[in-house]
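Participant: requesting a structural model of the entry that follows:
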Amino acid sequence: MSKHQFLKDLKEKDSVASSFLIKFSAVAVGKSGKPYMNLILTDKSGDLEARLWENVQQHMGQAVRGSYTWVEGRCQVYQGRRQVVIEKLQLLREDEVDPKDYEVEGSVNCEELYDKLLQYVSSMTDPFYKALSEATLRNDADVSLRLRKAPAAKSVHHAYKSGLLEHLVSVTALLDTVAKHYSRWIDRDLLLAGGFFHDIGKLWELSYDRVIDYTAEGRLVGHLVMGIGLIDRKIKELEEKPGALPGPFPEDKKLLIKHLVLAHHGLLEYGSPKRPKCLEAMILHMIDDLDSKVNSIAGFIEQDLTPGRWTALSRQYERFFYKPDWSHKQRDTKPVV
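Facilitator: Numbering: from 1, shown residues only. Next up is the predicted model:
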């Protein structure tokens, strides 16, 4: 089945008649007490929320996450954001679609980003942090492959192909600048290693073959603990390999890089087993938080269709955001995804 209509091109009052992949599906109850389906549709151009108001019982067990479906309806703007009101929904077999039409592509060049990440690794001078980073990022084929594909999150920030790699490079670039500014007090190589490893466990915390979701290990263990496990394994492999290290991996360096990973969420209530207890851990937490919020808020502003200089209310951040000139110029030159 050839696909000619994509989500990014839909405008208010457009008729919709195309196939999509269901990224999220849930049944909710409206103010009248009547159930409806809350869906997120996706194709290679991006995501869009959808609502199904009729025949909910018929579709609630079939229109599930990860299924391909034919949708007919209309596009409307509600609270400044586009959504599809579904009038007809029919499941499709996998042999009726081309999976490439539904793989969301980020706007990043993963090969350029990966090369940039390795440049930062090469710039390190500490033989232990550098060996650990080389063994993981350059020499581990599985990590290298996953980095080119993995998102950084299920939905909040950098939630697209190669999003994790984009986030790691962005965070590392900012950490490098901060390390130079505060060079009197900061161990640059420890800080860069924290940038490399703080979210490395997300390579296995998330599944991203068709739609982004958590793996069983991701739900039960989480990327912080998974990252610590990876560090332990890599250090053990290096210590067992003749000539890989100038000596046993120093215990204090091992503890510090683990602390940066465990403390990078900053607060106990945000999921950090430890609060930052060294300058490098504090800086990493702040830069990681900054990068994720900039990506998330910029994306929200880009998608907002509310007329004027202010967005609709962001439920995530509980505020309205001012829309600068770049958001208007971008909307004038390309469709909003």
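Participant: so residue 32 sits in a strand?
Facilitator: No - applying DSSP: H, G, I helix; E, B strand; the rest coil, one finds residue 32 to be coil, outside a strand.
Participant: that one: neighbouring residues, count only.
Facilitator: 7 (other C-beta atoms under 10 Å). Using the backbone N, CA and C atoms, a C-beta is placed for each residue, glycine as well.
Participant: next: the one 10 residues further on.
Facilitator: Other residues within reach of residue 42 by the criterion other C-beta under 10 Å amount to 21.
Participant: next one: residue 11
Facilitator: Using other C-beta under 10 Å, residue 11 is surrounded by 11 other residues.
Participant: which non-adjacent residue is nearest it?
Facilitator: Closest residue to residue 11 apart from its sequence neighbours, by C-beta to C-beta, 6 or more residues apart in numbering: residue 75 at 6.5 Å.
Participant: mind checking the SS state of the one you found?
Facilitator: Three-state assignment for residue 75 (three-state DSSP): strand.
Participant: is it bridged to anything, and to what?
Facilitator: residue 84 (DSSP bridges).
Participant: tell me which element the nearest residue to residue 138 once chain neighbours are set aside falls in.
Facilitator: In space, residue 138 comes closest to residue 118 once its chain neighbours are excluded; the distance is 5.8 Å by C-beta to C-beta, 6+ apart. Using DSSP states H and E, residue 118 sits in helix 110-122.
Participant: also residue 26?
Facilitator: Counting by DSSP H and E, residue 26 is found in strand 15-29.
Participant: so where do the helices sit in the chain?
Facilitator: Ranges of helices within the chain are 56-59, 110-122, 127-133, 141-147, 163-181, 188-197, 202-205, 216-220, 223-240, 251-263, 279-303, 325-333, based on DSSP state H.
Participant: could you dump these into TSV and include mean neighbour count and mean pLDDT?
Facilitator: Shown next, in TSV, are these (neighbours: other C-beta atoms under 10 Å; pLDDT from 0 to 100):
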stretch	mean neighbour count	mean pLDDT
helix 56-59	14	83
helix 110-122	15	96
helix 127-133	22	98
helix 141-147	14	96
helix 163-181	21	96
helix 188-197	25	98
helix 202-205	22	96
helix 216-220	12	95
helix 223-240	17	97
helix 251-263	19	98
helix 279-303	19	94
helix 325-333	11	66
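Participant: adding distance to residue 25, write these out as TSV.
Facilitator: As requested, the helices of the chain are exported to TSV (distance: least, C-beta to C-beta, whole Å):
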stretch	distance to residue 25
helix 56-59	9
helix 110-122	29
helix 127-133	40
helix 141-147	27
helix 163-181	22
helix 188-197	34
helix 202-205	22
helix 216-220	18
helix 223-240	25
helix 251-263	34
helix 279-303	21
helix 325-333	29
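Participant: so which of the ones you listed gets nearest residue 35?
Facilitator: Residue 35 lies closest to helix 56-59 among the helices of the chain, at 4.8 Å (C-beta to C-beta).
Participant: what's in contact with that closest one?
Facilitator: With contact meaning C-beta atoms under 8 Å, 6 or more residues apart in numbering, helix 56-59 is reached by 27, 35-37, 52, 89.
Participant: what does stretch 170-185 contact?
Facilitator: The contact list for stretch 170-185, computed with C-beta under 8 Å, 6+ apart, reads 116-117, 120, 186, 188, 191-192, 194-196, 198, 279, 283-284, 287-288, 290-291.
Participant: kindly report the same for stretch 260-271.
Facilitator: With C-beta under 8 Å, 6+ apart as the test, stretch 260-271 has contacts from 190-191, 193-194, 197-199, 222, 224, 227-228, 231, 272-278, 280-281, 284-286, 288-289.
Participant: same thing but at 7 Å, please
Facilitator: For stretch 260-271, contacts defined as C-beta atoms under 7 Å, 6 or more residues apart in numbering pick out 194, 197-198, 224, 227-228, 272-277, 280-281, 284-285, 288-289.
Participant: and it, how far apart are its ends?
Facilitator: 14 Å (C-alpha to C-alpha, to the nearest Å).
Participant: likewise stretch 135-147?
Facilitator: Its first and final residues considered, stretch 135-147 spans 14 Å by C-alpha to C-alpha.
Participant: what does stretch 258-276 give?
Facilitator: End-to-end distance of stretch 258-276: 11 Å, with C-alpha to C-alpha as the criterion.
Participant: ok so, going back, for the strand holding residue 26, packing partners?
Facilitator: With contacts taken as 3 or more C-beta pairs under 7 Å, 6 or more residues apart in numbering; DSSP states H and E, strand 15-29 sits against strand 35-43, strand 68-78.
Participant: distance to residue 206 and mean pLDDT for these - can I get that in TSV?
Facilitator: Formatted as TSV, these follow (distance: least, C-beta to C-beta, whole Å; pLDDT from 0 to 100):
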stretch	distance to residue 206	mean pLDDT
strand 35-43	15	91
strand 68-78	21	92
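Participant: distance to residue 103 for these - can I get that in JSON lines?
Facilitator: Shown next, in JSON lines, are the helices and strands packed on strand 15-29 (distance: least, C-beta to C-beta, whole Å):
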{"stretch": "strand 35-43", "distance to residue 103": "9"}
{"stretch": "strand 68-78", "distance to residue 103": "12"}
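Participant: please consider this matter closed, and thank you.
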